[in-house]
Structures are given as structure tokens and as C-alpha cells.
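Enquirer: Would you be able to build a 3D model of this:
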Amino acid sequence: MSATLKVTQESHLNPAGIMRGTFDVVVDGKSAGPIKWHEAIEVPVEPGHHTLQVRKGRYSSKVKAFDAAEDEFVAFRCNRRRHPLILAATLFAPSLAISLTRE
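Expert: A predicted model of the protein is given here:
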């Protein structure tokens, strides 16, 4: 049996446009598939310890570790960072651009 990982891209206005379009959901260092603006993706994962990251071009979230039990439903939501100081910092630290939060 397996567990299910769900990643939802939240919809917020983004005047800079850096977070529109398709994101790449990365599980355990491998692409698990694309996720589009305002959509979600569900990915089967084996029970155990995993890592998750969402990327878009040079921008990304930090890598999040999570454990999944058999038949468990694990959900995360991702969103662009909106605070102006954080957005400015993404020029030097692209992994600050996307927040990734477990639900």
C-alpha cells in the first residue's frame, strides 16, 4: 500500500509575475510532476521518510521533510512570498521565494 501526497498552489495576486505558470513538484530529489497556478497535484508515495520541494525556474521553496504512514494523506500548500523584504532577498537566496506549509 502507499500514502498520498497532495500539493496545492494557492492563488494570490502576484504583480511581479514570478510565480505564475507551471511549478515542478520534487519528491525525494526527483520530479513528481508539474503543478499549475491555482491547481493541486496528488502523488503516491511509499510509507516512510520523504523530502518535498517546489521549484519554478531559479526560484524554489526550502526542502521540507515529512513522514508518511501507510494509507495516510499528507497535504502541503505552496505560495509565493509577498513581503517586500523577502522578495528582495530572493535575488540572493532563491529558496526564499516560495513558502511550503504542511496542512
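Enquirer: So for this protein, which residue is the most central one in space?
Expert: Nearest to the mean C-alpha position of the chain, by C-alpha atoms, centre = their mean, lies residue 54 at 3.4 Å.
Enquirer: residue contacts, it?
Expert: Neighbour list for residue 54: 7, 9, 23-26, 35, 60-61, 78, 98, 100 [criterion: C-beta atoms under 8 Å, 6 or more residues apart in numbering]. Every residue, glycine included, has its C-beta placed from N, CA and C.
Enquirer: Quick check: which helices or strands does the host helix or strand of residue 67 pack against?
Expert: Assigned by DSSP states H and E, residue 67 falls within strand 64-68. With contacts defined as 3 or more C-beta pairs under 8 Å, 6 or more residues apart in numbering; DSSP states H and E, strand 64-68 has these neighbours: strand 3-9, strand 48-56, strand 73-80, strand 98-102.
Enquirer: can I get these in JSON lines with mean pLDDT and distance to residue 67?
Expert: Listed next are the helices and strands packed on strand 64-68 as JSON lines, based on pLDDT from 0 to 100; distance: least, C-beta to C-beta, whole Å:
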{"stretch": "strand 3-9", "mean pLDDT": "95", "distance to residue 67": "9"}
{"stretch": "strand 48-56", "mean pLDDT": "95", "distance to residue 67": "5"}
{"stretch": "strand 73-80", "mean pLDDT": "89", "distance to residue 67": "8"}
{"stretch": "strand 98-102", "mean pLDDT": "87", "distance to residue 67": "11"}
